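Enquirer: Provided below for reference: sequence and predicted model.
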Amino acid sequence: MELWYTEQHTDNVRFSIKVDKPLYSGQSEFQRIDVFNSKEFGNFLTLDGLMMVTEKDEFIYHDMIVHVPMATNPKIKNVLVIGAGDGGTVRELTRYSTIENIDMVEIDKMVVDVCREYFPQTACKLDDPRVRLYFEDGLKFVRSKENTYDLIIVDSTDPFGPGEGLFTKEFYGNCYKALKDDGILVNQHESSYYEEYAKSMQRAHKRIREIFTTCRVYQAHIPTYPSGYWLFGFASKTYDPLTDLDEQAWNSLGLKTKYYNTDIHKGSFALPNYVLDLLVNAGE
Ligand code: SAM
């Protein structure tokens with residue numbers, strides 16, 4: 001008998017991975033959590049049936065969500081990470097000795113516990129002494145912060161269920177307030193290819209654009225996310241990810257990365273025309 005994990009990407013499109021072994025299933029206060037093992041992608045985590053992370057392609061997502069802002073402002077010291085329960089974002093951040101503090105706010109402790117057990121590859125740096133873990137709603141956490149962080153990374157689920165609040169105007173406004181004057185906000189920005197995702201992407205872009213002076217979108221190829229094409233948002237009060245990129249400074253750090261390099265950094269902001277149109281026409 002064959003066992004397959006199938007995710008419905010649209011009413012007419014499904015994506016499947018052959019499962020070698022189901023490893024974990026549980027229901028937290030917030031969502032259903034599953035872990036499977038597969039030959040092609042290694043272990044993978046789904047929340048409410050949606051793909052979150054696989055051992056094989058997580059490096060692409062985590063490189064792009066962390067190294068793009070870090071290469072734009074290498075002086076970043078104080079970071080807030082929202083969501084990110086698998087630990088991959090924190091793992092990449094801890095590679096910078098210049099970072100002094102990482103507050104990670106994950107709503108669901110069970111995700112972190114499960115990832116510590118089944119995803120040591122991503123969860124391996126959650127006990128770094130610079131990391132403080134908070135198990136609460138990121139939307140609420142950020143409300144009370146002012147002029148505190150150099151970088152906020154929103155590594156969330158999609159804009160429904162517990163992640164919904166992390167795509168609201170109120171949340172982006174509070175992130176703006178929580179950032180220092182030269183702060184950067186990076187968020188997972190959904191995808192432009194399938195209509196439902198494109199609508200979420202446009203909504204997020206419109207809301208961020210209303211608040212931040214610099215508001216850019218960049219792309220990466222992520223095989224296990226819907227359509228395999230994913231976007232990230234870069235917003236800032238001062239920094240521009242292209243003109244402020246200091247290639248020499250980042251390259252002199254000697255960090256070994258499997259996806260990110262400074263050419264990818266520059267190229268990832270070159271978007272296809274249909275994506276540019278969607279962004280320009282982003283409305284409620
Ligand atoms: N890389 C992934 C992606 O784009 O599919 C996201 C992975 S990470 C596991 C997403 C995390 O965000 C989940 O663990 C979820 O519990 C957390 N999350 C969702 N809503 C949240 C909220 N309001 N506050 C904090 N964390 C939240």
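Expert: Cool, the structure landed.
Enquirer: List the buried residues for the one helix or strand residue 277 maps to?
Expert: Counting by DSSP states H and E, the element that carries residue 277 is helix 273-280. Residues of helix 273-280 classed as buried: 275, 278, 279 (neighbour count, 16 or more other CB atoms under 10 Å). Where C-beta positions appear, they are placed from N, C-alpha and C, glycine not excepted.
Enquirer: what do you get for stretch 250-262?
Expert: For stretch 250-262, using 16+ other CB under 10 Å, the buried residues are 250, 255, 259, 260, 261, 262.
Enquirer: that older thread, now tabulate the buried residues of helix 273-280 in JSON lines and tack on pLDDT and distance to the ligand.
Expert: Shown next, in JSON lines, are the buried residues of helix 273-280 (pLDDT from 0 to 100; distance: CB to the nearest ligand atom, whole Å):
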{"residue": "275", "pLDDT": "97", "distance to the ligand": "18"}
{"residue": "278", "pLDDT": "96", "distance to the ligand": "19"}
{"residue": "279", "pLDDT": "96", "distance to the ligand": "19"}
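Enquirer: picking up where we left off before, mind giving me the packing neighbours of the helix holding residue 277?
Expert: On a contact count with 3 or more CB pairs under 8 Å, 6 or more residues apart in numbering; DSSP states H and E, helix 273-280 meets helix 195-209, strand 214-221.
Enquirer: Including mean pLDDT, distance to the ligand and mean neighbour count, could those go into JSON lines?
Expert: Shown next, in JSON lines, are the helices and strands packed on helix 273-280 (pLDDT from 0 to 100; distance: least, CB to the nearest ligand atom, whole Å; neighbours: other CB atoms under 10 Å):
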{"stretch": "helix 195-209", "mean pLDDT": "94", "distance to the ligand": "11", "mean neighbour count": "19"}
{"stretch": "strand 214-221", "mean pLDDT": "97", "distance to the ligand": "11", "mean neighbour count": "20"}
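Enquirer: Among the buried residues of stretch 250-262, which one sits closest to residue 111?
Expert: residue 259 (23.5 Å; CB to CB).
Enquirer: Wait, the closest one touches residue 65, no?
Expert: No - assessed by CB atoms under 8 Å, residue 259 is found out of contact with residue 65, at 10.9 Å.
Enquirer: Is residue 15 located within a helix, as I assumed?
Expert: No - secondary structure of residue 15 (DSSP: H, G, I helix; E, B strand; the rest coil): strand, not part of a helix.
Enquirer: Tell me how many other residues surround it.
Expert: Using other CB atoms under 10 Å, the number of residues around residue 15 comes to 16.
Enquirer: ok, it touching residue 225?
Expert: No - distance between residue 15 and residue 225: 9.1 Å, which falls outside the contact criterion (CB under 8 Å).
Enquirer: Quick one: the helices in the stretch 1-150 of the chain, in order.
Expert: 58-72, 88-93, 109-118, 120-123, 138-143 (DSSP state H, counting those that start in this stretch).
Enquirer: try the stretch 151-284 of the chain
Expert: 169-178, 195-209, 247-252, 262-267, 273-280.
Enquirer: Kindly reformat these as CSV containing distance to residue 152.
Expert: What follows is those, written out as CSV (distance: least, CB to CB, whole Å):
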stretch, distance to residue 152
helix 169-178, 5
helix 195-209, 12
helix 247-252, 20
helix 262-267, 19
helix 273-280, 21
